[in-house]
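Colleague: what's the 3D shape of this:
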Amino acid sequence: MIPRLHSKGSAVASQFTAMNGIGDFGLTLESNNSGISALPAIPLEEADTVIRPQSNSLIEILNELIRHRGIFFNLLSRDLRRQYVDLRLGFLWVFSQPLVMTLIFALFRRGSGATIITDIPYSLYLLSGFVFWFIWVDACRVTASADRINAGLISKVFFPRLYSPLSAAASKMVGYGIGLAPIFVLQAYLGIRPSWTLVMLPFIVAQGLLLAFAIGLVFATLFIYGRDWDRVQGQILYLGLFVSPVIYSVRSIPEAFRTIYMLNPIVGTLDAFRASLTGLPDFPWGAWGYSWVVTLALLAVSTILFKRAEARLLDEL
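Modeller: Numbering: from 1, shown residues only. Below you'll find the predicted structure:
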């Protein structure tokens, strides 16, 4: 709402131009001795001041995020408290689901006699895959829904809107740190020692979270235009479990379909995650490099799309 005051004789007219995403006209009210009456609306172009974003370029977006970085750390601290402090069993939930799923599938494989080709013991293959997958899926979901969760704060306080989904995704870094504990315990039990590739683990987790953030940001943008996209996201993430090397390895895919299968960027991330933990001699540099390329491209596109739809955000919350 932009005020413009002017006087005309004994009457004082207050003109307010309302800007919204629907129309380009405002409402003019005139106050005089006899009361208030509505005057014809004036075009937005005649308003004294119009506030618009400076630019939607990636450089300008990055500069804005750097200038307000203190807000990001405050939001991140709040998200961490909400996930791991306010919930008394918050740390337990991180690895309870992967442990249960690992037990179920390991028993199923033993009982069915199914042959699944892996380079490491199948129990470790399952546990590492489920730990990574469930935290990664959760990062996608909280990124997409962060604006709705923080609707009260967004409607009252100005800060870069990207910080809301970004802090939600970044908080999952702690989840990976907690989830590694049962993996290292199982590795010690199986006598598998990590090698120098363990130093790559933080970069692999960072790439995975950036990919989750980019995908979640796409759906956060779509949520602005319709809530049905929430169900679409859930279905895609559910199906993703079966088209990613969580339960089975890439070597189980027939050669004729392996190239198409490798187009899934999470394949290289998961293989790199396991290789860094177990010290496999053949680190998937090529597949992981492809995952980085897709991640950065999707990150740029999703950020621009979100910034363009940002003007409608408050109207839809």
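
Colleague: So for the helix or strand harbouring Ile204, what gets flagged as buried?
Modeller: Element membership for Ile204, per DSSP states H and E: helix 201-225. Of all the residues in helix 201-225, those buried under the rule 16 or more other Cβ atoms under 10 Å are 201, 204-205, 207-224. For the C-beta atoms, the positions are set from N, CA and C on the backbone; glycine is no exception.

Colleague: Compute the distance from the centre of stretch 240-258 to the centre of its chain.
Modeller: How far stretch 240-258 lies from its chain's middle: 25 Å, per Cα atoms, centre = their mean, to the nearest Å.

Colleague: what residues does it touch?
Modeller: In this structure, residues lying in contact with stretch 240-258 by Cβ atoms under 8 Å, 6 or more residues apart in numbering are 105, 116-119, 125-126, 129-130, 132-133, 137, 261-262, 264, 266-267, 270-271.

Colleague: Same question for stretch 161-172.
Modeller: Contacts for stretch 161-172 (Cβ under 8 Å, 6+ apart): 61, 65, 68, 71-72, 75-76, 78-80, 83, 135-136, 138-139, 142-144, 146-147, 149-150, 153-154, 209, 212-213, 216-217, 220, 303, 306-307, 310, 313.

Colleague: which helices and strands sit right next to the longest helix along the chain?
Modeller: Secondary structure of the chain per DSSP state H: the longest helix is helix 122-149. Contacts defined by 3 or more Cβ pairs under 8 Å, 6 or more residues apart in numbering; DSSP states H and E place helix 122-149 against helix 90-112, helix 163-170, helix 172-190, helix 201-225, helix 229-240, helix 265-278.

Colleague: In CSV: the ones you listed, plus mean pLDDT.
Modeller: As requested, the helices and strands packed on helix 122-149 are exported to CSV (pLDDT from 0 to 100):
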stretch, mean pLDDT
helix 90-112, 83
helix 163-170, 88
helix 172-190, 90
helix 201-225, 92
helix 229-240, 90
helix 265-278, 95
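
Colleague: I'd like these laid out as a markdown table, including distance to Val246.
Modeller: Shown next, in a markdown table, are these (distance: least, Cβ to Cβ, whole Å):
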| stretch | distance to Val246 |
| --- | --- |
| helix 90-112 | 9 |
| helix 163-170 | 20 |
| helix 172-190 | 14 |
| helix 201-225 | 13 |
| helix 229-240 | 9 |
| helix 265-278 | 7 |
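
Colleague: Nearest spatial neighbour of Thr197, chain-adjacent residues omitted?
Modeller: Ser276 (4.6 Å; Cβ to Cβ, 6 or more residues apart in numbering).

Colleague: I should have written Ile71 there, sorry.
Modeller: Distances taken as Cβ to Cβ, 6+ apart place Phe159 nearest to Ile71, at 4.5 Å, with adjacent residues excluded.

Colleague: again with Ile215
Modeller: By the measure of Cβ to Cβ, 6+ apart, the closest residue to Ile215 outside its immediate chain neighbours is Cys140, 5.3 Å from it.

Colleague: which residues does the one you found contact?
Modeller: Per Cβ under 8 Å, 6+ apart, neighbours of Cys140: Ala212, Ile215, Gly216, Phe219, Gln233, Leu237.

Colleague: What's the per-residue pLDDT of it here?
Modeller: With respect to pLDDT, Cys140 has a value of 94.

Colleague: do you know how far it is from Leu217?
Modeller: 10 Å (Cβ to Cβ, to the nearest Å).

Colleague: same thing with Ile117?
Modeller: Distance from Ile117 to Leu217, by Cβ to Cβ: 36 Å.
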